[in-house]
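Chemist: Okay, here's the prediction I keep looking at, along with the sequence it came from:
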Amino acid sequence: MLDNLRGMAVFASVVGHGSFSGSARELGITTSAVSQQIRSLENDLGVVLLHRSTRKLSLTEAGESFYEAAKDVVSAAEKGKIKVNQLRDELAGSLRIATTPELGVHHILPALSTWMAAHDDLSITFLADNYYVDMIDERIDVAIRMSPSINDTTLNNHPLSDVRQLLVASPQYLRQHKKIETPKDLADHKLICIEIMKDASQIDLIQTETGKKSRQKMSSRLYTNNVFMATTLAKNGHGLMRVMEMDVKRDLENGDLVEVLTGYQLPSFVLYAVTLSREQQPAKITRCLEVLKKYFHAN
């Protein structure tokens, strides 16, 4: 079937140019290769398509009928190529983005809002969950991920920002419980445990001035897999929370949450976008990444 389709395209070119040599120049192949394609096509069909003479070519009755079909095939292929090029070069078609609910609401949607409004030919699907989706199975174009480091070499990784971790609590909680002045004081407090974080109840700290490292295990009785839930619990005074600074920035600004142990640092994370490895990314993916990078650089 593929050979027939190739032969139909060559046949349509030969008829259009009225010669094997003209077709060969258009297609960038030799005249003998054109002749071989026509012979193969005629053998497969079991009919003669062209009368050949030293002066000109003419179509047989079967050739005239087949030429119309060949033109339709070539035309359909050209239209398909044009549509593919449009999807590659224009901001049109569909774009599927995977992120977490927290990142999606607080950052990805604000980052892309103006851009989305300016390109209404682009259909965008957001998948928001707290686990890594399979980009091929879910047909994901861009995934937003966060981890201590980027170590996946099977995909294209695009760093967006370094993100600080913080220990936070509500002012109400801090007033009602023992003071927290050193990492050892954490042993007297409860941690609201976010289960999506690795070793969630183990707190690693570095003293900012001296660089001294310490590790403190905290006990927990409240668990969730959702940062929104954990933040609400913390604001209601149910314990401390280890969280990404970007997820509670507004709560810190308006005083609903307070950072504890400000003289210490927790390990930071890398926020990055992931795309499938391709020789050439469609324009919609490239532009989306540019907008995200600009947003996080500014913030």
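Modeler: Happy to help now that I have it.

Chemist: List the buried residues for stretch 24-44?
Modeler: Buried residues in stretch 24-44, counted by 16 or more other Cβ atoms under 10 Å: Ala24, Leu27, Val34, Ser35, Gln37, Ile38, Leu41, Glu42. The C-beta positions use only the backbone N, C-alpha and C, and glycine is treated the same way.

Chemist: Narrow those residues to those in helices?
Modeler: Among those, the subset assigned to helices under DSSP state H consists of Ala24, Leu27, Val34, Ser35, Gln37, Ile38, Leu41, Glu42.

Chemist: which stretches of the stretch 51-200 of the chain aren't confidently modelled?
Modeler: 54-55, 77, 79-90, 152-153, 196-200 (pLDDT under 70).

Chemist: quick one on the thing from earlier: going by distance to Leu240, which of the ones in helices among the buried residues of stretch 24-44 wins?
Modeler: Leu27 (70.9 Å; Cβ to Cβ).

Chemist: give me the number of residues near the closest residue to the closest one other than its chain neighbours?
Modeler: If the residues on either side of it in the chain are set aside, Leu27 comes closest to Ser13, at 6.0 Å by Cβ to Cβ, 6 or more residues apart in numbering. Other residues near Ser13 come to 20 when the count uses other Cβ atoms under 10 Å.

Chemist: Same question for Val248.
Modeler: Neighbours around Val248, by other Cβ under 10 Å: 23.

Chemist: hang on, it packs against Val168?
Modeler: Yes: Val248 is within contact range of Val168, at 6.0 Å (criterion: Cβ atoms under 8 Å).

Chemist: joint contacts of the two?
Modeler: Leu257 (Cβ atoms under 8 Å, 6 or more residues apart in numbering).

Chemist: show me where the stretch 151-299 of the chain has helices.
Modeler: Here the stretch 151-299 of the chain has its helices, by DSSP state H, counting those that start in this stretch, at 171-176, 227-235, 249-253, 283-298.

Chemist: At the geometric centre of the protein, which residue do we find?
Modeler: Nearest to the mean C-alpha position of the chain, by Cα atoms, centre = their mean, lies Val142 at 0.9 Å.

Chemist: Enumerate every residue touching that one.
Modeler: Taking Cβ under 8 Å, 6+ apart, we find Val142 in contact with Leu95, Arg96, Ile97, Ala98, Ala273, Val274, Thr275, Ile285, Cys288, Leu289, Leu292.

Chemist: what about the third one, which SS state?
Modeler: Using DSSP: H, G, I helix; E, B strand; the rest coil, the structure places Ile97 in strand.

Chemist: Quick one: residues contacting it.
Modeler: Ile97 neighbours (Cβ under 8 Å, 6+ apart): Ile108, Ile124, Thr125, Phe126, Leu127, Ile140, Asp141, Val142, Ala143, Ile144, Cys288.

Chemist: hang on, isn't the first one packed against Pro101?
Modeler: Meaning Ile108. No: counting by Cβ under 8 Å, Ile108 sits too far from Pro101 to count as a contact (10.1 Å).
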